[in-house]
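J.: fold the stuff below for me.
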Amino acid sequence: MWRHPLWSEGSEHLFFSFDDKGDTVLAMTDLEGRLVRLAEGLGGTSLGRPYAGSAFAVGGGDVFAYTAGDTSRPADIAAGRPGHDAPARLTALNENFLAHRELARVEERWITSSADGEEIQAWVALPPGFDPGRKYPLILEIHGGPFTNYGDRFSTEIQLYAAAGYVVLYVNPRGSTSYGERFGNLIHHAYPGKDYDDLISAVDAVIDEGYVDTDALFVTGGSGGGVLTAWIVGKTDRFRAAVVAKPVINWASFVLTADNSPYFTRYWFPALPWEDPEGYWARSPLSLVGNVSTPTMLLTGEADLRTPISETEQYYQALKLRGIDTAMVRIPGAYHSITKRPSQMAAKVAAILAWFEQHSATE
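T.: Residues are numbered from 1 along each chain as shown. Now for the predicted structure:
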């Protein structure tokens, strides 16, 4: 999917960005349709989780500038010109803060899904001072969307979890963008589904590397990641604790209370909820709550219009009725972007780490 197309000064070239396997690329095409990739590694403007987030501009002589980031730094400004040397980074905005700190090293992985052999891209953030001879607790952190992607981009939340001593695994399961139409549509009218197997296969692959404590597995995710986190604890008891952030729990109630009901009912389901109640229920994490034994905290903004807090309240009440250890964190005045302010991001991470610590193997 092309984003933010801009014409060159003489309207001879069209510049645009797109995502390719978890990386954001700047490219241009001429009037004959010839495509040139100009720069990779655009990003750095989405600070919380490692989502795509970038900007670029085009000036005279086809000079282009863009936000350049990687897993160790948020956005700096880089610039280049087609047909000349490689783009150069012009700023180092965070060096006085980050240069003297040891950050998590983030490594790419490719995983084969147990569901059907689909190849799945993932990343592992290793804690500062990582020792492969030790055993570390692991956090599986799941992206939302579901039609979006994570990548090798800076993430405050991932870095904070790693700084607390966790190996952090994040994955682009089927349905994620940047792998083409076929891969994205694998979850069409089938979400959640085999994306669960993609995530669990990634966990198993990292465990096989030998440095993860299998008695200290944790899972969290927000929005679509909250859906999958709730789905996971309904399917397995492998995780010691979970944090479900701003989830959908009951698809029927969601499509009748969320802010974009016509879209969700038209594209995410083959029928309206009263026409196919069984189909909606079969894909609802609430249908699996009878299986849950994992201590599960919920975390949602009280003003969330996308995944209304009534979804969180349903799951919380269901867990309480079952006698499962649970807690509900309500963020006053917060919409779907529950970490819009730095203080909210800090509070979110602190709450998640406190819940995991409370339910750690050494509790």
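J.: element containing A351, please.
T.: Take DSSP states H and E as the rule and A351 turns out to sit in helix 342-358.
J.: what comes up buried for that helix?
T.: Buried positions in helix 342-358, judged by neighbour count with 16 or more other Cβ atoms under 10 Å: 344-345, 347-349, 351-353, 355-356. C-beta here means a position set from N, CA and C on the backbone, and glycine is covered the same way.
J.: show me what it is packed against.
T.: Applying 3 or more Cβ pairs under 8 Å, 6 or more residues apart in numbering; DSSP states H and E, one finds that helix 342-358 contacts helix 156-163, strand 241-245, strand 296-301, strand 326-331.
J.: of the buried residues of helix 342-358, closest to E302?
T.: Q344 (12.5 Å; Cβ to Cβ).
J.: tell me the contacts of that closest one?
T.: Q344 sits next to 331, 334, 338 when contact means Cβ atoms under 8 Å, 6 or more residues apart in numbering.
J.: what separation do you get for it and S310?
T.: 21 Å (Cβ to Cβ, to the nearest Å).
J.: list the contacts of the residue nearest the centre of the chain.
T.: For the chain, the residue sitting closest to the mean C-alpha position, by Cα atoms, centre = their mean, is H143 at 2.1 Å. Contact criterion Cβ under 8 Å, 6+ apart gives 49, 51, 149-150, 170-172, 176, 221, 224-225 as the residues in contact with H143.
J.: of all these, which comes closest to P5?
T.: Checking the contacts of H143 one by one against P5 (Cβ to Cβ), the nearest turns out to be N149, at 19.9 Å.
J.: what's the burial count for that closest one?
T.: Using other Cβ atoms under 10 Å, N149 has 24 other residues around it.
J.: so it sits against V171, correct?
T.: No. Applying Cβ atoms under 8 Å, one finds N149 not in contact with V171, separated by 10.3 Å.
J.: what helix or strand does P74 sit in?
T.: In this structure, P74 is located in strand 73-80 according to DSSP H and E.
J.: distance of P247 from S284?
T.: Using Cβ to Cβ, one obtains 10 Å as the distance from P247 to S284.
J.: and those two? Which one has more around it.
T.: Between P247 and S284, P247 has the larger neighbour count (other Cβ under 10 Å), namely 29 against 24.
J.: what comes up buried for stretch 74-91?
T.: Taking 16+ other Cβ under 10 Å as the neighbour-count basis, stretch 74-91 is seen to contain the buried residues 74-80, 87.
J.: ok so, going back, relative to strand 241-245, how tilted is the helix holding A351?
T.: 160 degrees (axes from the mean of the first three to the mean of the last three Cα atoms, to 10 degrees).
J.: now do helix 342-358 against helix 156-163, angle only.
T.: Computed by the same axes, to 10 degrees, the angle between helix 342-358 and helix 156-163 is 40 degrees.
J.: now stretch 137-153, how far from the chain's geometric center?
T.: On the basis of Cα atoms, centre = their mean, to the nearest Å, stretch 137-153 is displaced by 3 Å from the centre of the chain it belongs to.
J.: now the element after the helix or strand of the chain with the lowest mean pLDDT, going C-ward?
T.: Lowest by mean pLDDT, DSSP states H and E among the helices and strands of the chain is strand 3-7, with a mean of 86. Following the chain from strand 3-7 toward its C-terminal end, the next helix or strand by DSSP H and E is strand 13-20.
J.: partners of that next one, with directions?
T.: Looking at strand 13-20 with DSSP bridges, its partner strands are strand 3-7 (antiparallel), strand 23-30 (antiparallel).
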